[in-house]
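> Pasting the sequence and the predicted coordinates here, then a few questions.
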Amino acid sequence: MTVTDSLPHQSACATCPMNRHLERLGVNMEDWDYVVALAGNPNTGKSTVFNALTGLRQHTGNWPGKTVARAEGGFIYGDKRYKLVDLPGTYSLLAASVDEEIARDFILFGQPDVTVVVVDATRLERNLNLALQVLEITDKAVICLNLMDEAKRHGLTIDDRRLARDLGVPVISTVARRGEGIRELIAMVHDVATGEVKPRPHRIPATQDDALNRAVERLTGQIQAAFPGLPNARWVALRLLDGDAQIERAIRDGSLGDLSRGDEPQSVVDRLMVAEVHA
């Protein structure tokens, strides 16, 4: 199930221009076919899931320009090789901390083939806050419903099939420290990465505020025109309207486009006018 970096293999995707954005985020895709992001709140057993997926074939380093540690590993399923990147444990993607900024930027700009969100089955309501934010950014997600043994011990029963229908993405129940559900999780990651399963995640619907809806629609169109490679312009528009200073700065200095395309910096401030919401 696990894979070493030394095995001879050259991914057809390794030299693809689409991997430039991953290289800018410090991820080398040589010898790998797909990249998988592992996200989750602290204390959900995310590290245990990471170890169960990768075994001992993993290494650590720092995120580019940060002092935050990053763990990478890998596994093989069929004839495909998957690089797993363990994102910092966060409660949200609102970029209120360096950890949140790293997790958000990797999911939004790194465009991983699959994002696995590890949630604690005993604290599902709190953990789903992050999961729903991830689903606003990417369609390619799998929920890892971990610590199911603890949920059972507390008398909790979770209908994972109903949860999958409600969220619009696959949900796999696991007890990672005992290896339960890990094979099923790997198989589902493979199915989503290869397109055999196409999630349709729940998204925040339009509000009853017509002025806000018009602003979101207008700004989304402007962002799409300025950054045609951006994976989710509507989410960026919502963050701008919420006053996300880092997203606004990324637009003004051009780094938003740089990260989404892997290009050299270029000024885009003249190509984008931020819409305003009037009371």
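That came through fine. Remember, predicted model here, so these are calculated numbers, not experimental data.
> isn't Thr60 right up against Ala71?
Yes: using C-beta atoms under 8 Å as the test, Thr60 is close enough to Ala71 to be in contact (4.9 Å). In this view, the C-beta of every residue, glycine as well, is placed from N, C-alpha and C.
> Show me which of the two is the more surrounded one.
Neighbours per residue (other C-beta atoms under 10 Å) separate Thr60 from Ala71, with Ala71 holding more: 17 against 10.
> May I see the buried residues of the helix or strand harbouring Leu84?
Using DSSP states H and E, Leu84 sits within strand 80-86. Within strand 80-86, the residues that qualify as buried are 81-86, counting by 16 or more other C-beta atoms under 10 Å.
> CA-only coordinates of it in PDB, if you can.
The C-alpha coordinates for strand 80-86 follow below in PDB (Å, rounded to 0.1, in the frame of the first residue of the first chain):
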ATOM      1  CA  LYS A  80      -1.300   4.900  -9.500                       C
ATOM      2  CA  ARG A  81       0.900   6.700  -7.000                       C
ATOM      3  CA  TYR A  82      -0.600   9.200  -4.600                       C
ATOM      4  CA  LYS A  83       1.400  11.900  -2.800                       C
ATOM      5  CA  LEU A  84      -0.300  12.800   0.500                       C
ATOM      6  CA  VAL A  85       0.300  16.300   1.900                       C
ATOM      7  CA  ASP A  86      -0.700  16.800   5.600                       C
END
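> Run me through the strand neighbours of that strand, direction for each.
strand 34-40 (parallel), strand 69-77 (antiparallel) (DSSP bridges).
> looking at the ones you listed, which is buried most?
strand 34-40 (a mean of 26; mean count of other C-beta atoms under 10 Å).
> model confidence over it, on average?
Regarding strand 34-40, the rounded mean pLDDT is 96.
> And the helix or strand Arg234 falls within, what does it pack against?
Taking DSSP H and E as the criterion, the element that holds Arg234 is helix 233-241. Helix 233-241 sits against helix 124-137, helix 210-226, helix 245-252, with contacts defined as 3 or more C-beta pairs under 8 Å, 6 or more residues apart in numbering; DSSP states H and E.
> Next, the angle from it to helix 245-252.
120 degrees (axes from the mean of the first three to the mean of the last three C-alpha atoms, to 10 degrees).
> ok, and what's touching helix 233-241?
108, 136-137, 204, 212, 215-216, 219-220, 223-224, 227, 230, 247-248, 251, 256, 274-275, 277 (C-beta atoms under 8 Å, 6 or more residues apart in numbering).
> repeat that for 6 Å
136-137, 216, 219-220, 223-224, 247-248 (C-beta atoms under 6 Å, 6 or more residues apart in numbering).
> Can you tell me which of those residues is nearest Glu101?
Nearest to Glu101 out of these is Ile247 (C-beta to C-beta; 10.3 Å).
> If you tally nearby residues, what's the number for that closest one?
Applying other C-beta under 10 Å, I find that Ile247 has 21 neighbouring residues.
> hmm, back to that, what is the distance between the helix holding Arg234 and the centre of its chain?
Mean-position distance between helix 233-241 and its chain equals 17 Å (C-alpha atoms, centre = their mean, to the nearest Å).
> circling back: tabulate the strands paired with strand 80-86 in TSV, adding columns for distance to Pro199.
Putting the strands paired with strand 80-86 into TSV (distance: least, C-beta to C-beta, whole Å) gives the following:
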stretch	distance to Pro199
strand 34-40	14
strand 69-77	18
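> just for the stretch 151-279 of the chain, where's the confidence low?
Filtered on pLDDT under 70, the stretch 151-279 of the chain yields the residue ranges 206, 231, 254-279.
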